[in-house]
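Peer 1: The amino acid sequence is not available; the structure is as follows:
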């Protein structure tokens, strides 16, 4: 009996502790269940990178790097057409086709046309420059299917004809073939032409080519011309000399006849 009581007391104490632990765990679970739930915070997704800016072709740089368009560039510099060309080149929907005359093309202009270009008004110079640009990108292959005439950036038009790889521009005054492709990548094409495109509306009717001056024809030398360096005598001078000899002979004959009559009288 002495051992039973302590054992019972220990058992009861153990049960009380277990119950206390269970009660504490339950209380903790209830407190967690009743606690307010905060919404989950998600970090924002990074914004997409902006698309790269379009690369625009600088028309002036293309002509300068080519090197053979100094005269054409001198006309463009400071004019409103320079800005118009660049604006059109930046238009990725339409683009630009530029037909640039080389320095050789300007040098080979006829003197009359050079004088007319130097006397053009500012508006006429603008129209002349605009005449060399088409507000659409055309590759060399696309010229095969173009119908003439085609519109330029100015008020005038010109005709285009293509024969195989050869593309020719016709203004009514000049025929200018494309001699080379300087730059061709959509939306910009720059082509070299070996003649200046001259619109009839500015330069009028074609200037006629003067007929060649005939070379003077030297008179053929007479077959009887002397070979000792003396000049040949004309038929008129020979006739005059014959008349003079006849007169001299007649005078001498008359003198002799009178002398004979005088001798007879003396006898």
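Peer 2: On my side now, so go ahead. Just so you know, these numbers come straight off a predicted model, no measurement behind them.

Peer 1: Give me the contacts around the helix or strand residue 160 falls within.
Peer 2: Assigned by DSSP states H and E, residue 160 belongs to strand 157-163. Applying C-beta atoms under 8 Å, 6 or more residues apart in numbering, the contact partners of strand 157-163 are 131, 143-144, 146, 148-152, 167-172, 197, 199. Bear in mind the C-beta positions are built from the backbone N, C-alpha and C, glycine included.

Peer 1: With stretch 114-130 instead?
Peer 2: 75-76, 79-81, 84, 109, 152-156, 198-199, 201-203.

Peer 1: Show me what counts as buried in it.
Peer 2: 116, 117, 124, 126, 127, 128, 129, 130 (16 or more other C-beta atoms under 10 Å).

Peer 1: any chance of those residues in CSV, plus distance to residue 94, pLDDT and secondary structure?
Peer 2: Output for the buried residues of stretch 114-130, formatted as CSV (distance: C-beta to C-beta, whole Å; pLDDT from 0 to 100; DSSP: H, G, I helix; E, B strand; the rest coil):
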residue, distance to residue 94, pLDDT, secondary structure
116, 32, 94, helix
117, 29, 93, helix
124, 26, 94, helix
126, 20, 96, helix
127, 20, 96, helix
128, 22, 97, helix
129, 19, 97, helix
130, 15, 97, helix
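
Peer 1: from the residues you listed, which single one is nearest residue 65?
Peer 2: Nearest to residue 65 out of those is residue 129 (C-beta to C-beta; 19.8 Å).

Peer 1: bridging residues for residue 158?
Peer 2: residue 150 (DSSP bridges).

Peer 1: quick one: it from residue 55, how far?
Peer 2: Distance, residue 158 to residue 55, by C-beta to C-beta, to the nearest Å: 30 Å.

Peer 1: higher neighbour count, those two?
Peer 2: Applying other C-beta atoms under 10 Å to residue 158 and residue 55 shows that residue 158 carries more neighbours, namely 24 against 6.

Peer 1: pLDDT value on the more buried one, please?
Peer 2: If you check residue 158, the pLDDT there is 96.

Peer 1: ok, now how distant is it from residue 116?
Peer 2: From residue 158 to residue 116 the distance is 18 Å (C-beta to C-beta).

Peer 1: ends of stretch 136-151, how far apart?
Peer 2: Using C-alpha to C-alpha, to the nearest Å, one end of stretch 136-151 lies 9 Å from the other.
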